[in-house]
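>>> Here is my input; please provide its structure:
(2 chains)
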Amino acid sequence: MKLATWNINSLTVRLPQVLDWLAANPVDVLALQELKLSDDKFPHAAFAAAGYDSSCFGQKTYNGVALISKTPARDVVRNIPGFSDELARVISATFVSEAESEGNLAPGSVDKPSTDIRVVGAYFPNGQEPGSDKFEYKLAWLKGLRDWLRAELLTHPRLVLMGDFNITFDDADVWDPVGMKDQIHCTDEERYELNALIALGLHDAHRLFPQPPKSYSWWDYRDFGFRRNRGMRIDHILVSNALKDQVAACWIDKSPRKNERPSDHAPVVIELN
DNA sequence: ATGACGGAAGTTTTCCGA
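Numbers count the residues shown, from 1 in each chain, chains lettered A, B, ... in the order given. As a prediction, the model looks like this:
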């Protein structure tokens, strides 16, 4: 089973790239962020034609998230229950393996434990600048996410949290850690919250494996950021304790950057046994 | 200190992202 996350910075602009990528990378679940379109404009038909179910939580102009999947999404939840938010940032659903979905396996039977996976796709707030109102909103949102996920992990022990976190773990995730020190995505407050998520019993899939040095998932459009590999690793896939040993691989796929008008983010992918 | 680039809204200029 493969899962992926990708901030596509406007689905209107990049739907063809997403479909191309899915054709070459037939993942079981793809979480998308920054759709920048409303639900009524979501291209369900295009995904269905490619063989994918799609659940969306759209918003005009900014934000908007979706889950694209081979098997139908079950128990879809939008945003963070218990945290009031005007912005469309989170979509969650449960997915079963294709074999179970086709009725070849009974879900959760005694002979074969359930392979259901709860997926949380999230577009974390940017935060703009430390000390700003948007930064305070980011911290409050992170706390809301953490309080909700703590309970979610009890009811859904097999859980994956993936998306655009807009936070780096440490200097290794930043092309210029000196210049970015205490800047947005790199502050102690943001990293405290990221580590508090980890402390719930989640694991950064990227760091479960040896990775190329200077592995980033986002590059500034300006000043030839990608060409110079001036980027940050801010898109993450976190897996729960129950799934950790099943993660066979995790990689960042820079191939969509070859497109004429690429997103400023690259997809992150994991393979689960 | 600022802008670079890209998308959206919408109308020539601004906001926002990261």
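
>>> what's the nearest residue to A:Lys214 if we skip its chain neighbours?
Excluding its sequence neighbours, the residue lying closest to A:Lys214 (C-beta to C-beta, 6 or more residues apart in numbering) is A:Asn229, at 5.7 Å. From N, CA and C alone the C-beta is placed, and that goes for glycine too.

>>> What residues of stretch A:265-273 count as buried?
A:His265, A:Ala266, A:Pro267, A:Val268, A:Val269, A:Ile270, A:Glu271, A:Leu272 (16 or more other C-beta atoms under 10 Å).

>>> Using JSON lines, please lay out the residues you listed together with secondary structure.
Formatted as JSON lines, the buried residues of stretch A:265-273 follow (DSSP: H, G, I helix; E, B strand; the rest coil):
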{"residue": "A:His265", "secondary structure": "strand"}
{"residue": "A:Ala266", "secondary structure": "coil"}
{"residue": "A:Pro267", "secondary structure": "coil"}
{"residue": "A:Val268", "secondary structure": "strand"}
{"residue": "A:Val269", "secondary structure": "strand"}
{"residue": "A:Ile270", "secondary structure": "strand"}
{"residue": "A:Glu271", "secondary structure": "strand"}
{"residue": "A:Leu272", "secondary structure": "strand"}
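
>>> which among those gets closest to DNA strand B?
A:His265 (7.1 Å; C-beta to the nearest atom of the strand).

>>> where does chain A come near DNA strand B, residue by residue?
A:7, A:9-10, A:12-13, A:34, A:36-37, A:60-62, A:125-126, A:128-129, A:134, A:164, A:166, A:184-185, A:218, A:220-223, A:232, A:234, A:261, A:264 (C-beta under 7 Å from any atom of the strand).

>>> can you give me the strands for the stretch 151-273 of chain A?
A:159-164, A:202-204, A:218-219, A:231-232, A:235-240, A:247-252, A:268-272 (DSSP state E, counting those that start in this stretch).

>>> Mind giving me the packing neighbours of the fourth one?
Which is strand A:231-232. strand A:218-219 (3 or more C-beta pairs under 8 Å, 6 or more residues apart in numbering; DSSP states H and E).

>>> Show residues contacting the strand it packs on.
A:7, A:164, A:225-226, A:229-235, A:264-266 (C-beta atoms under 8 Å, 6 or more residues apart in numbering).

>>> which ones are touching A:Ile234?
Counted by C-beta under 8 Å, 6+ apart, A:Ile234 has contacts A:Asp164, A:Phe165, A:Asn166, A:Ile167, A:Thr168, A:Asp173, A:His185, A:Ser217, A:Trp218.

>>> ok, now A:Gly82?
A:Gly144, A:Asp147, A:Trp148.

>>> are any of those buried, and which?
The buried subset of those (16+ other C-beta under 10 Å) comprises A:Gly144, A:Trp148.

>>> with the contacts of A:Gly82 in mind, which one is nearest to A:Ala24?
A:Trp148 (34.6 Å; C-beta to C-beta).

>>> secondary structure element for the closest one?
Taking DSSP states H and E as the criterion, A:Trp148 maps to helix A:133-155.

>>> Dump that helix to PDB, keeping only the CA atoms.
Provided in PDB are the C-alpha atoms of helix A:133-155 (Å, rounded to 0.1, in the frame of the first residue of the first chain):
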ATOM      1  CA  ASP A 133      -1.900  37.300  14.500                       C
ATOM      2  CA  LYS A 134      -1.500  34.600  11.900                       C
ATOM      3  CA  PHE A 135       1.300  33.100  14.000                       C
ATOM      4  CA  GLU A 136      -0.900  33.000  17.100                       C
ATOM      5  CA  TYR A 137      -3.600  31.400  15.000                       C
ATOM      6  CA  LYS A 138      -1.000  28.800  13.900                       C
ATOM      7  CA  LEU A 139      -0.100  27.900  17.400                       C
ATOM      8  CA  ALA A 140      -3.700  27.700  18.500                       C
ATOM      9  CA  TRP A 141      -4.500  25.500  15.500                       C
ATOM     10  CA  LEU A 142      -1.600  23.200  16.400                       C
ATOM     11  CA  LYS A 143      -2.800  22.900  19.900                       C
ATOM     12  CA  GLY A 144      -6.300  22.100  18.600                       C
ATOM     13  CA  LEU A 145      -4.900  19.500  16.300                       C
ATOM     14  CA  ARG A 146      -2.900  17.900  19.100                       C
ATOM     15  CA  ASP A 147      -5.800  17.700  21.500                       C
ATOM     16  CA  TRP A 148      -8.000  16.100  18.900                       C
ATOM     17  CA  LEU A 149      -5.400  13.700  17.600                       C
ATOM     18  CA  ARG A 150      -4.700  12.400  21.100                       C
ATOM     19  CA  ALA A 151      -8.200  11.100  21.300                       C
ATOM     20  CA  GLU A 152      -8.300  10.000  17.600                       C
ATOM     21  CA  LEU A 153      -5.300   7.800  18.200                       C
ATOM     22  CA  LEU A 154      -7.200   5.900  20.800                       C
ATOM     23  CA  THR A 155     -10.100   5.100  18.500                       C
END
